[in-house]
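S.K.: sequence and computational prediction follow.
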Amino acid sequence: MIKILIVDDSVFSQKIIANILRKQVEQSDIYFAADGWNGLEKYKELKPDYVFVDLLMPGLDGQSLIKLIKEVDSSANIVVVTADVQNHVREEIEKLHIMTFINKPFTEEKAQIICDIMKEKDNGKQ
């Protein structure tokens, strides 16, 4: 069973990402956090296999959350799913050694790309 944590302040985005991922990753448990602080707590508690993080959130933003998660677990598998597509932001995030950076809206095609990366990372396990 693959544990996935989705950290996004938009319940709509959480549901879209979760529904699409459930179609692609049948053996999954999906958890949610509505902000960065809650996401960090849940990361420490659940130790998920993958974390999907939005960058634009109130309180602790996604970039700060990623830095804190990497302090706890430098090998954390993080996918950024965001509407913030500024080049300098993307460059800064990629320096944090994330798996990939996906622009919203999250679609079936984008989910397939991520799932292919996940399968490769897990040596085909799902």
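M.R.: Perfect, I can see it now.
S.K.: quick one: contacts of the helix or strand hosting Lys3?
M.R.: For Lys3, the host element (DSSP states H and E) is strand 2-7. The contact list for strand 2-7 (Cβ atoms under 8 Å, 6 or more residues apart in numbering) reads 14, 17-18, 21, 25, 27-36, 38-39, 42-43, 46-54, 57, 62, 65, 118, 122, 126. All C-beta atoms are positioned from the backbone trio N, CA, C, and that covers glycine.
S.K.: quick one: least confident helix or strand in this protein?
M.R.: When the helices and strands of the chain are scored by mean pLDDT, DSSP states H and E, helix 87-94 comes last with a mean of 87.
S.K.: secondary structure class for the nearest residue to Thr82 once chain neighbours are set aside?
M.R.: Taking Cβ to Cβ, 6 or more residues apart in numbering, and ignoring the residues beside it in sequence, Thr82 has Leu55 as its nearest neighbour in space, at 4.2 Å. For Leu55, the reduced secondary structure class is coil; criterion used: DSSP: H, G, I helix; E, B strand; the rest coil.
S.K.: quick one: contacts of the host helix or strand of Phe52?
M.R.: The secondary structure element spanning Phe52 is strand 50-53 (assigned by DSSP H and E). Residues lying outside strand 50-53 but in contact with it, judged by Cβ under 8 Å, 6+ apart, are 2-8, 17, 21, 39, 43, 62, 65-66, 69, 76-82, 99, 118.
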